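# 3D model of this:
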Amino acid sequence: MDSDALDASSLCTVYQPLDVLRLELQNEPAFSESSMPKDDHTLTRFLKARGYNAFQAKQMIIDCIHWRRTVEDVGMEELYRCIDPFDFPGRDGVFESWPMGFHKTDKLGRPIHILSFGAISPKRLYQHITPQEHWRTVLVNIEALLAEVLPAASAAAGRPIRQALIIVDLKGFGLSQFWAFKSIARRFFHVSQNYFPETMGQLFIINAPTSFTAIWSVIRPWLAPRTLDKITILGANQPDQQTTLLDLIPPENLPVALGGTCTCTDATDATSAGCRGDSDDDSDSDSCSSGSSGSGGGCTLSNAGPWMDGRAERRARWLRGEIPEPGVLWPPLQKQEQEQEQGRSVEETRDDDEKMEEAGQIDVDAPVASAGASAAATGTATAAPSSSSCSRSSVVGLPPLTHPPPPAAVRLVV
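Down below sits the predicted model:
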């Protein structure tokens with residue numbers, strides 16, 4: 001449990017800047033007109049990212065809303081309509097060279113995000129996609145966590161799930177790959193810092209090679225102390241790695257290559273819930289366990305988890321404008337937001353999750369995955385789909401990048 005979790009003894013400290021932040025935002029049309037969730041937890045995660053300085057948090061929120069409306073010259077909502085992070089053309093080929101994906105949940109109900117950096121190959125990657133198109137897939141992958149994955153995980157757990165557990169596998173990762181990866185890493189950190197704060201619960205870096213000491217010396221200055229506290233670096237001692245991961249993750253939810261028992265062979269729909277291995281390859285009947293896509297094999301590409309239940313129909317309805325959000329709507333969170341909008345007191349609006357935290361049962365040091373929020377980080381005003389600038393299933397057809405890269409000195413707070 002983090003020392004600054006919202007327990008009874010710290011409510012006054014937390015809610016004083018929160019009240020100031022709400023007052024500051026009342027006169028901001030950009031905030032009131034946006035679909036950004038206005039519950040306490042969503043605002044608090046921006047406060048945490050700015051050291052509970054309400055005025056800095058306000059500016060962070062306004063900047064975030066502007067970014068979401070203008071990113072890639074089309075806005076995040078339109079980008080998410082154009083690119084399905086779980087099923088865009090050539091996705092398997094892209095992920096063979098840049099393996100990353102959501103895969104089930106840990107013992108706390110948090111979604112697991114696996115990134116196999118040792119399998120990264122920019123040369124192969126750009127045979128399938130341009131650097132600009134790849135960056136757009138990275139953006140919608142980040143968006144998916146808050147737009148779809150966390151709301152579904154919350155519904156499955158029956159309580160708010162506000163953060164993800166991240167596993168970064170560095171098996172086979174070297175300095176040459178890092179230098180090729182560095183610019184994207186900096187851009188990713190910039191986006192995470194400013195627009196998706198407090199979404200990482202824990203990060204495990206496993207199979208760290210000897211060269212990681214030099215790599216870490218470059219990355220570490222980018223990270224805030226709060227983020228560093230959430231990172232655990234494990235060397236190539238496989239038994240220790242497995243023990244550490246299995247303490248947090250059920251074996252059936254952890255890929256075989258990482259010490260678990262999952263091969264995703266229990267899935268019945270390869271395109272929506274389980275293995276997304278190459279179905280044209282008849283030489284391997286169990287491509288999920290073949291390990292061809294980094295540390296998780298087909299599990300890394302599987303998307304397996306509660307967020308995939310009914311997803312194809314849900315996304316189609318969202319694209320047609322029949323439902324307001326692409327993710328699962330979870331009534332308890334929706335009710336909580338409604339109660340807070342009605343002006344209930346601080347004591348009355350504390351949700352069941354906070355009360356459980358006071359009893360020491362769970363950690364609530366994370367943003368609420370608001371059911372009514374498209375990408376819960378901020379939100380662009382919800383509207384029926386307009387005439388899109390690209391094919392709904394394509395990563396191409398959008399305007400070229402016009403925004404400069406982030407500054408060299410960035411501070412990541414996730």
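# only C-alpha atoms for contact and neighbour calcs from this point on.
Will do.
# and the longest helix belonging to the chain, which residues are buried?
In the chain, taking DSSP state H as the definition, the longest helix is helix 175-195. Across helix 175-195, burial judged by 16 or more other C-alpha atoms under 10 Å covers 177-178, 184, 186-195.
# separation between Lys182 and Ser116?
15 Å (C-alpha to C-alpha, to the nearest Å).
# and what of Ser211?
Separation of Ser211 from Ser116 (C-alpha to C-alpha) stands at 17 Å.
# looking at the two, which is more packed in?
Remark: of Ser211 and Ser116, Ser116 carries more neighbours, 27 against 11, as counted by other C-alpha atoms under 10 Å.
# need the nearest residue in space to that one, chain neighbours excluded.
Nearest non-adjacent residue to Ser116, counting by C-alpha to C-alpha, 6 or more residues apart in numbering: Asp169, 4.7 Å away.
# neighbours of that neighbour, how many?
By other C-alpha under 10 Å, 23 other residues sit near Asp169.
# for Val94, same thing?
By other C-alpha under 10 Å, neighbour count at Val94 equals 23.
# out of everything not next to it in sequence, what's closest to Asp40?
Nearest to Asp40 is Leu18, by C-alpha to C-alpha, 6+ apart, at 7.6 Å.
# quick check: the one you found touching Thr42?
No: contact criterion C-alpha atoms under 8 Å: Leu18 and Thr42 do not qualify, at 10.6 Å.
# residues contacting Ala30?
Going by C-alpha atoms under 8 Å, 6 or more residues apart in numbering, Ala30 touches Ile62, Ile65.
# can you check my assumption that it lies in a helix?
Yes: applying DSSP: H, G, I helix; E, B strand; the rest coil, one finds Ala30 inside a helix.
# any idea how far the residue nearest to Asp40 is from Thr199?
Leu18 sits 19 Å away from Thr199, taking C-alpha to C-alpha as the criterion.
# cool, and Ile219?
The gap separating Ile219 from Thr199 is 19 Å, by C-alpha to C-alpha.
# repeat that for Val140.
15 Å.
# repeat that for Leu125.
27 Å.
# grab the nearest non-local neighbour of Cys99.
Quick fix: residue 99 is Pro, not Cys. Ser116 (5.4 Å).
# wait, Thr137
Leaving aside its sequence neighbours, Thr137 sits nearest to Pro85 (C-alpha to C-alpha, 6+ apart; 6.4 Å).
# thinking again about what came up before, what pLDDT, on average, does the longest helix of the chain get?
For helix 175-195, the mean pLDDT works out to 85.
# got the angle for the helix or strand just after that helix vs helix 175-195?
Later in the chain than helix 175-195, the nearest helix or strand by DSSP states H and E is strand 200-206. If you take axes from the mean of the first three to the mean of the last three C-alpha atoms, to 10 degrees, strand 200-206 sits at 180 degrees to helix 175-195.
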